[in-house]
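Visitor: Got a sequence here, can you build the structure:
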Amino acid sequence: MLLGALYGRAAERSWSSRRVLPERWRRWLLRVAITLPGVAILFYGTGDQAENIKVWHDCGLPFFLLAATLPVWRKPERGLPQALRWRELHRKVLWRSSAVLVFGATLGLIAYRWFTWHGDPGAAHAATETGVILLLLSPIPRLVDPLVWRAWPEPLRHAVRGAKASEELAKSLPWAPPEFDPDRGAGGRPKPLQERAGGRSQGGRVATSAGPRSVLTWDGGWLTFTAGRLRAPNKTYSVSVPGQAPRRRGWLGHRLGPAAELVWVSYPVLVNLHAGRPDRVIMILLDAQGYRILTITNVTCSWPAAAQVARSAGLSFAAYHLECRREPFGKICKLLFPRRVRSRWVRG
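Guide: Got it, this is the predicted structure:
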């Protein structure tokens, strides 16, 4: 047992000695090691024939390309959740496809130089056409990545959004990560400050000041947001509510909805942490799946006032405070409350 313990300690010391250099430094050293053969070939030339020198110069391009695309060929980081690991593998497969096409275009250039040197114009022309086609096709796998990812099942994409949001929140507050519920909303959310379930909508008119010149109103049939402007006409957004028949045939401005939840979110301003200024607030109207319909920034009302409007409209309500100290709020907000293509963003 004593020998086993000593051997284990020796193995740990040897393993720690291998990891003296930071991960970033070791990656850059590997890139430099891959680039060195390319540099040697780039400055190598024999004879007085210009085409011969060009062939050797082009043979160094694959080494530079391999060094540039080295992160694409690595495995995903250790310790990632299974959903994030699967998403990273999916992205790397498409990136590798693009890199392989670029490698093929580089080989086409080398073949063109080789056949030109040996006086075969037909083969040189064919190699040029093949290289150009491969180069034009290389961006396609990367561009279709979002479209291909949408073809995967919704539970898998939901798990990826939740794992990514949880990871970003943990990075923002590593000393006190918030409690996270992966089943809440479209991609998981932290525990809210206040929460109220939806119910039946009520008649009557309820309004609250959403911003310096903006009003959020429930008139018994529509949830209307009016954004006031100093030197421009006001913008009006009418949002429908499930199970509530509209009381007017027409509407003013943009028609959105149906909405199922109203979210009030506050967050600190990073540049004003030591100035004693209040937090910034936004309100988000979400559909039944948790996707954004309307985002209102520069909000000045408190969460009880917003909760009163949501209760009158029969919407669910939740209030959050996101302590985004290290990660930008916009990045985390997009993960917690993903947006639709037709969602709107308006300043209150």
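Visitor: C-alpha from now on. contacts and neighbour counts both.
Guide: Will do.
Visitor: Ramachandran angles for residue 337?
Guide: Backbone torsions of residue 337, given as degrees, to the nearest 10, read phi -130, psi 80.
Visitor: neighbouring contacts of stretch 98-118?
Guide: 51-52, 54-55, 58-59, 61-62, 65, 69, 121, 123-125, 127-128, 130-135, 137-142 (Cα atoms under 8 Å, 6 or more residues apart in numbering).
Visitor: now do 7 Å
Guide: Residues from elsewhere that reach stretch 98-118, judged by Cα atoms under 7 Å, 6 or more residues apart in numbering: 51-52, 54-55, 58-59, 62, 121, 123-124, 127-128, 130-132, 134-135, 138-139, 141-142.
Visitor: swap in stretch 152-167?
Guide: With Cα under 7 Å, 6+ apart, stretch 152-167 has contacts from 81, 83-84, 180, 182, 186-188, 332, 335-336.
Visitor: in that stretch, what's buried?
Guide: 157-167 (16 or more other Cα atoms under 10 Å).
Visitor: Strands - which of those residues land there?
Guide: For the buried residues of stretch 152-167, membership in strands holds for none, with DSSP state E as the criterion.
Visitor: coming back round to it: mind checking which of the contacts of stretch 98-118 are buried?
Guide: Using 16+ other Cα under 10 Å as the burial test, the contacts of stretch 98-118 include 51-52, 54-55, 58-59, 62, 124, 127-128, 130-132, 134-135, 138-139, 141-142 as buried.
Visitor: list the buried ones in the longest strand anywhere in the chain?
Guide: What stands out as the longest strand in the chain, according to DSSP E, is strand 339-347. Across strand 339-347, burial judged by 16+ other Cα under 10 Å covers 339, 343-344, 347.
Visitor: sorry, back to before: if we take the contacts of stretch 152-167, which one ends up nearest to residue 37?
Guide: Among the contacts of stretch 152-167, residue 84 lies closest to residue 37 (Cα to Cα), at 35.3 Å.
Visitor: Would you check how far apart the residue nearest to that closest one when sequence neighbours are not counted and residue 120 are?
Guide: Residue nearest to residue 84 in three dimensions, not counting chain neighbours: residue 160, with 5.5 Å by Cα to Cα, 6 or more residues apart in numbering. Counting by Cα to Cα, to the nearest Å, the separation of residue 160 from residue 120 is 53 Å.
Visitor: At which residues are the helices of the stretch 51-200 of the chain located?
Guide: 61-68, 70-73, 82-117, 121-137, 139-143, 145-150, 154-172 (DSSP state H, counting those that start in this stretch).
Visitor: Turn these into TSV, including distance to residue 262 and mean pLDDT.
Guide: Shown next, in TSV, are the helices of the stretch 51-200 of the chain (distance: least, Cα to Cα, whole Å; pLDDT from 0 to 100):
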stretch	distance to residue 262	mean pLDDT
helix 61-68	46	87
helix 70-73	41	86
helix 82-117	29	88
helix 121-137	45	89
helix 139-143	34	91
helix 145-150	26	86
helix 154-172	20	82
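Visitor: Tabulate these (CSV), appending distance to residue 314.
Guide: Below are those laid out as CSV (distance: least, Cα to Cα, whole Å):
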stretch, distance to residue 314
helix 61-68, 55
helix 70-73, 49
helix 82-117, 35
helix 121-137, 51
helix 139-143, 41
helix 145-150, 32
helix 154-172, 26
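Visitor: Quick check: which of those helices is nearest to residue 319?
Guide: Closest among the helices of the stretch 51-200 of the chain, once you apply Cα to Cα, is helix 154-172, at 16.6 Å.
Visitor: domain parsing for the chain?
Guide: With domains defined by automatic domain parsing, the chain comprises 19-152, 181-347.
Visitor: hang on, the earlier thing: please indicate which of the contacts of stretch 152-167 has the highest neighbour count?
Guide: Using other Cα atoms under 10 Å as the neighbour test, these are led by residue 187, with 27 neighbours.
Visitor: In contact with that residue, which residues?
Guide: 158-159, 161-162, 335-336.
Visitor: change it to 10 Å
Guide: 155, 157-166, 181, 289-291, 334-338 (Cα atoms under 10 Å, 6 or more residues apart in numbering).
Visitor: low-scoring pLDDT stretches of this protein, where are they?
Guide: Residue ranges of the chain with pLDDT under 70: 1-21, 44-53, 174-176, 201-204, 228-234, 243-254, 270-278, 325-327, 348.
Visitor: which residues in the stretch 201-348 of the chain form helices?
Guide: 303-313, 329-336.
Visitor: Could you point out which of the ones you listed sits nearest residue 29?
Guide: helix 329-336 (31.5 Å).
Visitor: can you list contacts of the closest one?
Guide: With contact meaning Cα under 10 Å, 6+ apart, helix 329-336 is reached by 160-169, 172, 182, 184-190, 265-270, 290-292, 322-324, 338-339.
Visitor: Can you point out the buried residues in stretch 71-80?
Guide: Buried-residue list, stretch 71-80, by 16+ other Cα under 10 Å: 72, 76.
Visitor: okay, how far is it across that stretch, tip to tip?
Guide: End-to-end distance of stretch 71-80 (Cα to Cα): 16 Å.
Visitor: ok, now stretch 75-85?
Guide: 9 Å.
Visitor: Same question for stretch 206-225.
Guide: Its first and final residues considered, stretch 206-225 spans 12 Å by Cα to Cα.
Visitor: how far out from the middle of the chain is it?
Guide: Computed by Cα atoms, centre = their mean, to the nearest Å, the chain-centroid distance of stretch 206-225 equals 32 Å.
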